[in-house]
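A.B. asks: Next comes the sequence, and after it the predicted model I'd like to discuss.
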Amino acid sequence: MYFKRLEMHGFKSFAEPAVIEFHEGVTCIVGPNGSGKSNISDAIRWVLGEQSPKMLRGGKMEEVIFSGTASRKSRGMAEVTLVIDNTAGILPIDYNEVAITRRMYRSGESEYLINNNQCRLRDVRELIMDTGIGVDGYSIIGQGKISEIVSSKPESRREIFEEAAGVVMYKSKKAESERKLDSARANLERVNDIIGEIESRIDGLRDDSVKAEEYLKLKERFKELEINITLKNIEKLEDVSQTVREDISRLGAEIEKLSQEKRILDEKTAQSRQKNENLEQLSNEARDKLVAGIEEISALTNKSQMKAERLSSLERDAERVEGEIQELRQKRDREAENAERLSDQGKEIEDRLSAAEEDLKEKIENAAAINSKLSEILAGIDDNRNKMYELYNMGSSKNSEAKSMESYRASLMKRKEQIGQESKKLSEDRKTWEEEIRTQEEKSGRIRENLSDLKKAAEENRKKLLKLTEEKNKIEKELSHINIKMSQLNARKKTIEEMENNYEGYNGAVRFVMKSGLRGIEGVAAELMEVPGGFEVAIETAMGASMQNIICQKDSDAKEAIKALKDNRAGRLTFLPMASIRGNKAALPPSVTSSGGYIGLACDIVKYSDKYDGVFKYLLGRVAIVRTMQDAIDLSKKAGLRFVTVEGEIVNGQGAITGGKYKNATANLLERKSEIGRLTDQIREISQKSNELERERGALESNISAAREEKEELEAREKSLQMESFDTDAQLKTLKAGFIEMSGSDQRYNQQLLSIDKDLREAQETAQRLTAEAEECQKAGEDAAAEITKLMEEHDTLKETADKAADDITATRIEKNKHDSDKENLMKLLNRVKDSMNEIEQQIEAKSLMLNQFSEEKKSILLGSEDVEERVKAKTQEKLMLEEYIARVTEERGRLSAEIEEMAENQAKAAETLNSYQDQKYSQEIRAAKNETQLDTLKEKLWEDFEISYLQAIEFKKEDFAMSPAQKESREIRNRLRELGDVNVGAIAEYAQVSERYQFLMEQRSDITGAMDQLKAIVDDMERTIKTRFKDNFDKVVINFEEIFRQLFGGGHAELRLDNEEDPLEAGIEIVAQPPGKKLQNINLMSGGEKTMTAIALMFAVLKTRPTPFCILDEVEAALDDNNIDRFSKYLRNFHDIQFAIVTHQKATMEHADVLYGVTMPEHGISKVLSLRLGDDFDL
């Protein structure tokens, strides 16, 4: 397996499509800084699934898309494709060529493709897992990241070694199994909770079921008895009601006659009262006019006196203002003299200031010339000082290089001796390698045959798993919709129940009583009944404010509650004591009940507890519900009741019609209980559906789990064979490459010896040349130091002259500043004098204006004083006339008051007689209403208890029915039903359902427990495999690292250690190194170059242990000197089967390349790739 090419379009600086063909051996990518070389390694890292923008040298992932330049628009998408040759079949996919593509759009969307088929990031990672070419592996070393291999924490280095050991896939499978195990534990806990809940209920349900069966039998016999008892009571009440209705008709005629006489008397009284009120109004108006006239006479008298006083005051004010004007004119003349004197002083100060400015300018120019000369001298000193330091540093550097050459000669001598020993050993190993190659080729053939069989079985498993997963997803989608609906219904139900519990919509008095916990309070009328859907508005209209009445047990309970309302000023309420209220239902003729528009009595439509029977028949027993207003009008003529339509119109027995629409929240009060019931039923139905789907999903999950386990087993076997195949092929390639290398090793050793001899001579000549150059630098530095001393003496002399010139400038500036201050103070004083003159002028003008105003006001007062006396006389005459009119009106009002008093006595007598007849009629109506209520109650009882009408009940009537024995038997059955208490009739079906669910959950618990045992075994097996493979490969890396470290450093010692030998799966990896001539030390104490070289040695050790098909190195040798770069480049040639792509600036690295690619930036921000042949001349 190897990389064939990389295709980029819109990625970072590659705005246009760019293609890089990879070949065997070493490919170098070169170019100037900022040209986009490292973007190529970033592109490979990105297409293989890198998710961290920081690892791609960016702040956010969108930055990988070409962002545009001044002359080019930005791209909307970045795309990178990496084409891999898979002829060897290392990647677990049936293609000889694999193209991995990643795209990212500016909207943030991203997609992955394998051979142009969309896939997930997980699929890409699983494809390249344990091949060493993942983003977290050791095959991609980004810019500046080489030293991080050794500088990172010991725990962080594990990723490289795990990738090298080929345990990443096993760790992934182990983690997935552990997640499944956690999920199974959670499922088991949930199933155990449900089983515990069911076990706590199932015994009680069994008892409830037996109890419910007995209850149903007793209830049937009780119904038969109670129907016949009720029919007997109805017959008795109907006879009494007829006599009462006749008395009511007679009393009504008498009341009508007396009412007519009383209306005539009321009209006469009203006319007299109206006349008296009119006279009172006229009297009040006359008195208002009299008071106004008296006040006006007084005001005119006062006004005449005030005018005389004002004329005297004006003459005094005019005299005073004339004196003030004279004083202001004298002050103005004095200020004008001061202004002239200050102006003369200002001219003198201006002359002195001009002279001081000329003197200061001349002195500043002289000082500038001196400072310019000083700057030139200081620049000469700095130049010579820099030259001196540079020469001394150069001499020191030359001496260091000469010493390095001596060390290099020593290492060459040691290498020459080592080559001789290696040549001798090589001839002994050649025969052993030939036999090992034959063994590995036979093993590789057997593995390939097994892999082919496994892939066929895996494809069949994949199809089966896909079908099961689709079925499960469909059920889970439906479950999701059901759960959302369930949440919505539960939330709605909870809200309505909270409103019910908090008595929202009721007035404050109701809330006070219901939350006070008073004795004997049963509840609110609207709360204690249930209204079928569609009848809310009708019942609301029928009851009106009565819906907020409070039902209590006794009269004393009502008194106690009313007292609490008074004490707390909480409002008023009506209370309905159950002990004293005995309502009944109206008896309707067949002509009403058989009508198509008739629905039923209101008390029959609503539902409530038996104990509230009297209360609700009192409230609703004489109200009939009909369909339309026309039905109500027609039926009201046949029966004297209130008829209410389903839309809320009312027609009473006398013909009055009420209708329209008004706003309140009462209907909501009635709808709440109905809606809670509907919601409960919906929740139960949805819950049953959810349980069915859960069972189906559970069965599918079991099948999916089995299919996945089969898939994991096949994948594990396939992966194991692939890894074995990969290891075998890698070893075979290594053996063949090593054998080929052995064939030409003798010649290479001879060439290396000749090269070492040449390098020894060159190193000696270079050391001698460097020593001579160091002595010349030392002499030149001493000459520069002498020149510095001479310039310093000249600088000190000129500095004294410059300091004296600065002192003169300071003195002159002080004198100039003094003149500036004098001039500024004088100008301020002059401005104040001018402001004072302006202010005096304004005061003189204002005083003159006041004199003119005084004169005008005197003229106006004298003209307006002549007609005041005439107006006083006219008002006095008008006052006398009003007094006479008021006296006449008062006399007439006295006469009318006596007449009204006499009429009031006659009204009282007529009202007393009328009230007496009305009381008699009302008593009879009450008696009739009680009889009707009792009849309605009995008929309603038939409907409420047995859901049959009165007419239907007659069919159950028994002619030989004995009342007393029936009542006794009924009481016995009622007592037994009371002993049974609350009976859950649904317990019979619920017990059967819960028993079935309990059995299902017990089976499910057994299945989960078995699956957990299997998962635990898989996790343990994975952990053993990981530990074995990691330890074996780690030991190989340790040996290779020690060997390669000595080769790259020319000696020394290095080792790798686990910081916790007892737990190698979690242990960190310590690196300890000892370069030649130094003490053994921790890697973090080494220099930057030594760290880089050590990291490269570790990287080579890992590659030698577990070769990867491809390796990208981005400027990893940037911190190395030329000698170490040469060692690095030469060692690359030991990896014949690995493709290397190296981003570099180093010529020594380029010299070892098989292919060169150049990256240039022909226009700002746009990178372009050029293929360079090794024979071409090029300039970076």
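C.D. replies: Received, thanks. No experiment lies behind these values; they were computed from the predicted model shown.
A.B. asks: per-residue confidence averaged over the strand or helix carrying Asn703?
C.D. replies: Asn703 is part of helix 666-743 when elements are defined by DSSP states H and E. For helix 666-743, the mean per-residue pLDDT is 73.
A.B. asks: ok, now stretch 893-911?
C.D. replies: 75.
A.B. asks: How about stretch 1036-1049?
C.D. replies: 86.
A.B. asks: List the buried residues of it.
C.D. replies: Lys1036, Val1037, Val1038, Asn1040, Phe1041, Glu1042, Ile1044, Phe1045, Arg1046, Gln1047, Leu1048, Phe1049 (16 or more other C-beta atoms under 10 Å). For every residue, glycine as well, the C-beta is placed using N, CA and C.
A.B. asks: Ok, stretch 932-947 next?
C.D. replies: 932-946.
A.B. asks: do the same with stretch 1060-1076
C.D. replies: Quick answer for stretch 1060-1076 (16+ other C-beta under 10 Å): Pro1064, Ala1067, Ile1069, Ile1071, Ala1073, Gln1074, Pro1075.
A.B. asks: How about stretch 574-590?
C.D. replies: Quick answer for stretch 574-590 (16+ other C-beta under 10 Å): Phe575, Leu576, Pro577, Met578, Ile581, Gly583, Asn584, Lys585, Ala586, Ala587, Leu588.
A.B. asks: residues touching the fifth one, list them.
C.D. replies: Translated: Ile581. Gly614, Val615, Tyr618 (C-beta atoms under 8 Å, 6 or more residues apart in numbering).
A.B. asks: quick one: contacts for the second one?
C.D. replies: In other words, Val615. Val615 neighbours (C-beta under 8 Å, 6+ apart): Ala525, Ile551, Leu576, Met578, Ile581, Gly583.
A.B. asks: Next, the spatially closest residue to Thr574 that is not a sequence neighbour: phi, psi?
C.D. replies: Closest residue to Thr574 apart from its sequence neighbours, by C-beta to C-beta, 6 or more residues apart in numbering: Asn549 at 4.5 Å. Backbone torsions of Asn549, given as degrees, to the nearest 10, read phi -70, psi 150.
A.B. asks: Quick check: Asn549 touching Leu573?
C.D. replies: Yes: under the criterion of C-beta atoms under 8 Å, Asn549 makes contact with Leu573 at 7.2 Å.
A.B. asks: ok, of the buried residues of stretch 932-947, which one's closest to Asp333?
C.D. replies: Thr933 (113.9 Å; C-beta to C-beta).
A.B. asks: helix or strand for the closest one, which one?
C.D. replies: With DSSP H and E as the test, Thr933 turns up in helix 868-946.
A.B. asks: Report the contact partners of Tyr1157.
C.D. replies: Ile20, Thr27, Cys28, Ile29, Val30, Val1169, Leu1170, Ser1171, Leu1172.
A.B. asks: Please spell out the PyMOL selection for the buried subset of the residues you listed.
C.D. replies: Selection of buried members from the contacts of Tyr1157 for PyMOL, criterion 16+ other C-beta under 10 Å:
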select buried, resi 20+27+28+29+30+1169+1172
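A.B. asks: how close does Thr645 get to Lys638?
C.D. replies: Distance from Thr645 to Lys638, counting by C-beta to C-beta, to the nearest Å: 16 Å.
A.B. asks: out of those two, which sits in the busier spot?
C.D. replies: Legend: neighbour count by other C-beta atoms under 10 Å for Thr645 and Lys638, higher for Thr645 (22 against 13).
A.B. asks: Hmm, that one is touching Ala624, no?
C.D. replies: No: assessed by C-beta under 8 Å, Thr645 is found out of contact with Ala624, at 10.2 Å.
A.B. asks: Which residue ranges of the stretch 501-650 of the chain form strands?
C.D. replies: 521-524, 529-530, 550-552, 575-577, 598-601, 607-608, 623-626, 642-645, 650-651 (DSSP state E, counting those that start in this stretch).
A.B. asks: Can you lay out those strands as JSON lines showing mean pLDDT?
C.D. replies: As requested, those are exported to JSON lines (pLDDT from 0 to 100):
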{"stretch": "strand 521-524", "mean pLDDT": "91"}
{"stretch": "strand 529-530", "mean pLDDT": "87"}
{"stretch": "strand 550-552", "mean pLDDT": "94"}
{"stretch": "strand 575-577", "mean pLDDT": "92"}
{"stretch": "strand 598-601", "mean pLDDT": "92"}
{"stretch": "strand 607-608", "mean pLDDT": "90"}
{"stretch": "strand 623-626", "mean pLDDT": "92"}
{"stretch": "strand 642-645", "mean pLDDT": "91"}
{"stretch": "strand 650-651", "mean pLDDT": "88"}
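A.B. asks: Compare the ones you listed and give me the one nearest Lys515.
C.D. replies: Evaluated over the strands of the stretch 501-650 of the chain, closeness to Lys515 peaks at strand 521-524, with 10.4 Å, by C-beta to C-beta.
A.B. asks: Output the contacting helices and strands for the lengthiest helix in the chain.
C.D. replies: Ordering each helix of the chain by length in residues (DSSP state H) puts helix 168-501 first. Under the contact criterion of 3 or more C-beta pairs under 8 Å, 6 or more residues apart in numbering; DSSP states H and E, helix 168-501 touches helix 666-743, helix 745-863, helix 868-946, helix 950-954, helix 963-980, helix 987-1049.
A.B. asks: What number of residues are in the vicinity of Asn483?
C.D. replies: 12.
A.B. asks: Now do the same contact list for it.
C.D. replies: Ser690.
A.B. asks: where does it land on pLDDT?
C.D. replies: Reported pLDDT for Asn483: 75.
A.B. asks: any idea how far it lies from Ser687?
C.D. replies: Separation of Asn483 from Ser687 (C-beta to C-beta): 10 Å.
A.B. asks: Also Gly89?
C.D. replies: 54 Å.
A.B. asks: Met1150 now?
C.D. replies: 74 Å.
A.B. asks: Looking at these two, which one has more neighbours?
C.D. replies: Met1150 (19 against 13).
A.B. asks: In contact with the more buried one, which residues?
C.D. replies: Neighbours of Met1150 in contact, by C-beta under 8 Å, 6+ apart: Cys28, Val30, Thr1144, Leu1156.
A.B. asks: What's the local residue count around the closest residue to Leu914 other than its chain neighbours?
C.D. replies: Closest residue to Leu914 apart from its sequence neighbours, by C-beta to C-beta, 6+ apart: Leu258 at 4.6 Å. Neighbourhood size, Leu258 [other C-beta under 10 Å]: 17.
A.B. asks: Now for Leu258: which residues touch it?
C.D. replies: Contacts for Leu258 (C-beta under 8 Å, 6+ apart) come out as Ala910, Thr913, Leu914, Tyr917.
A.B. asks: got it, and Gly76?
C.D. replies: Counted by C-beta under 8 Å, 6+ apart, Gly76 has contacts Gly10, Ile65, Tyr105, Arg106.
A.B. asks: which residues does the third one contact?
C.D. replies: Listed by C-beta under 8 Å, 6+ apart, the contact set of Tyr105 reads Ile65, Gly76, Met77.
A.B. asks: what separates the residue lying closest to Ser241 once chain neighbours are set aside from Ser249, distance-wise?
C.D. replies: In this structure, Ser241 finds its nearest non-sequential neighbour in Asn931, 4.4 Å apart by C-beta to C-beta, 6+ apart. Asn931 sits 16 Å away from Ser249, going by C-beta to C-beta.
A.B. asks: out of those two, which sits in the busier spot?
C.D. replies: Asn931 (21 against 10).
A.B. asks: Distance check, that one against Ser995.
C.D. replies: From Asn931 to Ser995 the distance is 54 Å (C-beta to C-beta).
A.B. asks: all helices in the stretch 51-200 of the chain, in order from the N-terminus.
C.D. replies: 121-128, 148-151, 158-165, 168-501 (DSSP state H, counting those that start in this stretch).
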